[in-house]
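Peer 1: Quick one, fold the following:
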Amino acid sequence: MGVTRVENSRFSIFFPYLLLLIFSPVSAADQQDAAPTKQPAKSARVAADKPAKTKITTPPAVELSEESVQTSFDVFTIEWMKKLSDAEEFHRTQDVKVNPSPEGFAAEYVGYFPHRYIVVKRTDSKETPFVGILTYFEKTMRCAGKTKEEALKGPFQPSNSQQVSEIFRFTKGKWIY
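Peer 2: Predicted structure coming up:
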């Protein structure tokens, strides 16, 4: 069962009824019915024995400075680049593609240049007050040879590169991919 909506309207038909329920006027008779009944007063001695109730409040939200968030993103991206370096080792040893080429065969795998550029930007979101942009360069490592074995032996040289930008969000005090 769906909600019927009026064509070209931003609100459903039921929205005005919802407003009436929320903001309906309260009569004096309704207020008298809802008035709390008085409790008999406790003796002064009993009241003095109990500690005063304190209102529990949530601690104020800590305002994060852009500088501290920038520093944490710097640390996060250093770790991310380490993961990419580990991935490059996997590509080099386990994920090499060998294809026919004019030289005979060419072996290629994906690698990463260690240079990175980072930018942190403030957002309007309270849940995700910052986003970080990491930019680095992915490289294609290539070696050619007359046979597949010769191409796999190396040495591999960078043959092509492309820029990669990844966006991370800063939510609940940490960077998330």
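
Peer 1: helix/strand/coil for K126?
Peer 2: Assigned state for K126: coil (three-state reduction, DSSP: H, G, I helix; E, B strand; the rest coil).

Peer 1: pLDDT wise, what is it at?
Peer 2: The predicted local confidence for K126 comes out at a pLDDT of 92.

Peer 1: all strands for this protein, in order.
Peer 2: Ranges of strands in the chain, per DSSP state E, are 97-101, 104-122, 130-145, 157-171, 174-176.

Peer 1: Make a markdown table from the ones you listed and add mean neighbour count and distance to H91 to it.
Peer 2: (Glycine included, C-beta is placed from N, CA and C.) Output for the strands of the chain, formatted as a markdown table (neighbours: other CB atoms under 10 Å; distance: least, CB to CB, whole Å):
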| stretch | mean neighbour count | distance to H91 |
| --- | --- | --- |
| strand 97-101 | 12 | 9 |
| strand 104-122 | 16 | 4 |
| strand 130-145 | 18 | 8 |
| strand 157-171 | 13 | 13 |
| strand 174-176 | 14 | 25 |
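
Peer 1: For those, could you give me JSON lines that also reports mean pLDDT and distance to E67?
Peer 2: Shown next, in JSON lines, are these (pLDDT from 0 to 100; distance: least, CB to CB, whole Å):
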{"stretch": "strand 97-101", "mean pLDDT": "94", "distance to E67": "44"}
{"stretch": "strand 104-122", "mean pLDDT": "95", "distance to E67": "9"}
{"stretch": "strand 130-145", "mean pLDDT": "96", "distance to E67": "12"}
{"stretch": "strand 157-171", "mean pLDDT": "96", "distance to E67": "13"}
{"stretch": "strand 174-176", "mean pLDDT": "93", "distance to E67": "15"}
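
Peer 1: Among the ones you listed, which comes closest to F73?
Peer 2: Among the strands of the chain, strand 130-145 comes nearest to F73, with 4.3 Å by CB to CB.

Peer 1: List the strands paired with that closest one, with their directions.
Peer 2: As defined by DSSP bridges, the strand partners of strand 130-145 come to strand 104-122 (antiparallel), strand 157-171 (antiparallel).

Peer 1: export those strands to CSV and tack on distance to D86?
Peer 2: Conversion of the strands paired with strand 130-145 to CSV gives the following (distance: least, CB to CB, whole Å):
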stretch, distance to D86
strand 104-122, 10
strand 157-171, 16
